[in-house]
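> sequence and computational prediction follow.
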Amino acid sequence: MTNSPPAPGWYPDAQNPRLHRWWNGQAWTPNTRPSHNAEAIELDIERAHDPSRIQNQVARATGGRQTGTGGGTLFTEPVLVVNQRAKLIEMANEFGVFDQHGTRIGGVVAVGQSTLRKAIRLLTKYDQFLSHRFEVRDANHNTILKITRPAKVFKSRFLVTRADDSPIGEIVQENVFGKIRFGFVVGDQPAGGIFAENWRAWNFSIKDHAGAEVARVTKTWGGFIKAAFTTADNYVVEIHRPLSDPLASMVVAAALTIDTALKQDSD
């Protein structure tokens, strides 16, 4: 009698006990995340996502507008709900991405964080000036986009690439004061951007190269416990029509760009 392979899931890494590695049911993948022992304590309320809470987020952000149906992936859903994983002490950014019904369709994780970098993040404000690398992963934990923010002083710049590191474009912060703007640059040509609707930078309009709005990003309130005790932020990305690359990838990266450039740096 032969034993069947373990079910897909996160398992302790054989080489590094501080990590869990994703087993896809057939083989180990390159994707890892910190083990619970290595991470700061998470809030019990966030251990399992609540679809009804996510649906309420969508209703508040869209004003109850009909948003249509999607294909169940990050690039085919008309609404993406990006919720930051709540931790009492945040050592590394991690976001879950859900469709409008509360089904998890992907995630975003910070990668390449050494023990020293986590200590810097915990004990100082200097981490906001250092480089940051993120991976956007689908529901099966396969990396589909990579986002790198090089070290910065005042303005942030994000390099968006595919999983094989081939370039897609850049998201470049254009100003520091007033209504914040980010420009999309593809092959040295402007390709649209992200525009804050007020100086507090809560809601954003995403436009194409012709200035037509193709998506909106709305920050939603995560609840009293999260607001009082964690740095977790939640966003609803409403995409008005199907988009093709490179604009589609820029929009998927938009909520993470806003959070890292503005919200995390202000903490």
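Yep, it's here.
> for residue 159, what are its contacts?
By Cβ atoms under 8 Å, 6 or more residues apart in numbering, the residues touching residue 159 are 147-150, 167, 170. Heads up, the C-betas are built off the backbone N, CA and C, glycines and all.
> for residue 148, same thing?
Residue 148 makes contact with 131-134, 158-159, 161 under the criterion Cβ under 8 Å, 6+ apart.
> again, 10 Å this time
111-112, 131-134, 157-161, 165, 170 (Cβ atoms under 10 Å, 6 or more residues apart in numbering).
> relative to residue 14, which of those residues is nearest.
Closest approach to residue 14 among the contacts of residue 148 (Cβ to Cβ): residue 111, at 18.9 Å.
> the closest one is in contact with residue 131, isn't it?
No - using Cβ atoms under 10 Å, residue 111 makes no contact with residue 131, being 11.5 Å away.
> which of the contacts of residue 159 has the most neighbours?
Of the contacts of residue 159, residue 147 is surrounded by the most neighbours, 23 neighbours in total, counting by other Cβ atoms under 10 Å.
> quick check: phi and psi on that one?
Backbone torsions of residue 147, given as degrees, to the nearest 10, read phi -130, psi 130.
> bridging residues for the nearest residue to it once chain neighbours are set aside?
The shortest distance from residue 147 to any non-neighbouring residue, by Cβ to Cβ, 6 or more residues apart in numbering, is to residue 134 (4.5 Å). Beta bridges link residue 134 to residue 110, residue 147 when assigned by DSSP bridges.
> run a quick neighbour tally on residue 64.
As a burial measure, residue 64 scores 9 neighbours (other Cβ under 10 Å).
> quick one: it is in a helix?
No - Residue 64 is assigned coil when assessed by DSSP: H, G, I helix; E, B strand; the rest coil, not a helix.
> that one reaches residue 58, doesn't it?
Yes - between residue 64 and residue 58 there is a contact under Cβ under 10 Å: 9.2 Å.
> which stretches of the chain have low pLDDT?
Counting by pLDDT under 70, the chain has low-confidence residues at 1-3, 17-18, 34-49, 85-93, 113-130, 152-153, 200-201, 221-233, 256-257, 259-267.
> appreciated, that's everything.
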